[in-house]
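J.: Coordinates only, no sequence provided:
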């Protein structure tokens, strides 16, 4: 197709093609991250209350909308850089299948929906957390993603805010140990993402993401393991602090499954190749069995 024809298709895509490009840009594969909103209500055994499961689902939907808005804006901002990436050049915005103006309009609609959810359920603090998440994301896209270590902390903060949002929506005060475990787990995943990206692109990684020139594979691997060890220790301290012997026993036992899952994650990260971190968590059979074992024992302790 001549360039003029390609431009016309990009500007006036067929409805289904446009819809597919819009959904693709919202990153459905990343939506499971928003299940973190269930962490606090599950730990607080509040899902059976009137404001439990329903409000947790509402909070998850709000974060799906907010995170989709971030992806729309991010893909517009990174379109030129994505064109030089062996995989990301196929993204809808970079390839022209979703016009930049359309992506920004969709981002505005998603932001409005995400912020409105908290007000709709009478919990403005949820809207405030969504607003903080969006502000952090904008800061990250514009400035912070170029600052080593700080950018990792802000990526991790996005995960923690999801957990906090779920706690607020379901009226479960999160404990300090709970927030520490979530923070360390999120930081570990963020570091693993950088390691797999550096492994896949090697010296070309810095051309796509300039901050990568400050990282070294050995440094990222060591940092990931330190975060995993600290997360396990924090989880054990949280479990040991349970007053009920039944809950304490099951939660301490669940730490074994958690440790095995983290060890498996470490091994998979080392040989990730071109697979994203999300695939390591959700598509490896051993990893899934470990996660289910942990969830079963954790739930039994409730």
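T.: Thanks, I have it. If you're wondering where the values come from, they're calculated on a predicted model, not measured in any experiment.
J.: And the spatially most central residue of the chain, how far from residue 130?
T.: When C-alpha atoms, centre = their mean is applied to the chain, the residue found nearest the centroid is residue 33 (4.4 Å). From residue 33 across to residue 130, the span is 15 Å (C-beta to C-beta, to the nearest Å). C-beta: built from backbone N, CA, C; applies to glycine.
J.: next one: residue 86
T.: 34 Å.
J.: Of those two, give the one with the bigger neighbour count.
T.: Set residue 86 next to residue 130 and count neighbours by other C-beta atoms under 10 Å: residue 130 wins out with 27 against 11.
J.: Now do the helix or strand where that one lies: distance to the chain's middle.
T.: Per DSSP states H and E, residue 130 falls inside helix 124-142. Averaged C-alpha coordinates place helix 124-142 at 14 Å from its chain's average position (C-alpha atoms, centre = their mean, to the nearest Å).
J.: Kindly report the same for stretch 24-32.
T.: With C-alpha atoms, centre = their mean, you get 10 Å for stretch 24-32.
J.: and what of stretch 241-253?
T.: On C-alpha atoms, centre = their mean, the centre of stretch 241-253 falls 29 Å from that of its chain.
J.: what mean pLDDT would you report for it?
T.: Averaged over stretch 241-253, pLDDT sits at 87.
J.: ok, now stretch 128-135?
T.: Stretch 128-135 comes out at a mean pLDDT of 95.
J.: what's next to it, contact-wise?
T.: 62-63, 66, 69-70, 111, 114-115, 117-118, 158, 161-162, 164-165, 168 (C-beta atoms under 8 Å, 6 or more residues apart in numbering).
J.: repeat that for 6 Å
T.: 62, 66, 114, 115, 161, 164, 165 (C-beta atoms under 6 Å, 6 or more residues apart in numbering).
J.: now stretch 248-266
T.: Against stretch 248-266 from outside (C-beta under 6 Å, 6+ apart): 228, 232, 235-236, 239, 242, 286-287, 290-291, 293-294, 297-298, 300-301.
J.: Please, a ChimeraX command that selects the buried ones among the residues you listed?
T.: Filtering the contacts of stretch 248-266 down to the buried ones (16 or more other C-beta atoms under 10 Å) takes a single ChimeraX command:
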select :228,232,235,236,239,287,290,291,293,294,297,298,301
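J.: before we move on, back to that, show me the two of the contacts of stretch 128-135 that sit farthest apart.
T.: 115 and 164 (15.9 Å; C-beta to C-beta).
J.: Neighbour count: those two, which is higher?
T.: Taking neighbours as other C-beta under 10 Å, residue 115 and residue 164 compare with residue 164 leading, 25 against 20.
J.: And that one, which helix or strand is it part of?
T.: helix 150-169.
J.: Could you list the residues in contact with that helix?
T.: 34, 36-41, 55-56, 59, 63, 123, 125-126, 129, 133, 136, 140, 144-145, 174, 182-183, 186-187, 190, 211.
J.: Quick one: list the elements packing against the helix or strand following that helix.
T.: Proceeding N to C from helix 150-169, the next assigned helix or strand is helix 176-201, under DSSP H and E. Counting contacts by 3 or more C-beta pairs under 6 Å, 6 or more residues apart in numbering; DSSP states H and E, helix 176-201 packs against helix 150-169, helix 217-240.
J.: Out of those helices, which one sits most buried?
T.: helix 150-169 (a mean of 23; mean count of other C-beta atoms under 10 Å).
J.: relative to helix 176-201, how tilted is it?
T.: 140 degrees (axes from the mean of the first three to the mean of the last three C-alpha atoms, to 10 degrees).
J.: I'd like to check the angle between helix 150-169 and helix 217-240, please.
T.: Using the same axes, to 10 degrees: helix 150-169 against helix 217-240 is 20 degrees.
J.: Low-confidence stretches in this structure?
T.: By pLDDT under 70, the low-scoring segments of the chain are 1-13, 43-52, 272-276, 278-280.
J.: What are the structural domain limits within it?
T.: 1-174, 175-302 (automatic domain parsing).
J.: Quick one: end-to-end length of the shortest one, please.
T.: Translated: domain 175-302. 16 Å (C-alpha to C-alpha, to the nearest Å).
J.: and what of stretch 213-222?
T.: Note: stretch 213-222 ends 17 Å apart using C-alpha to C-alpha.
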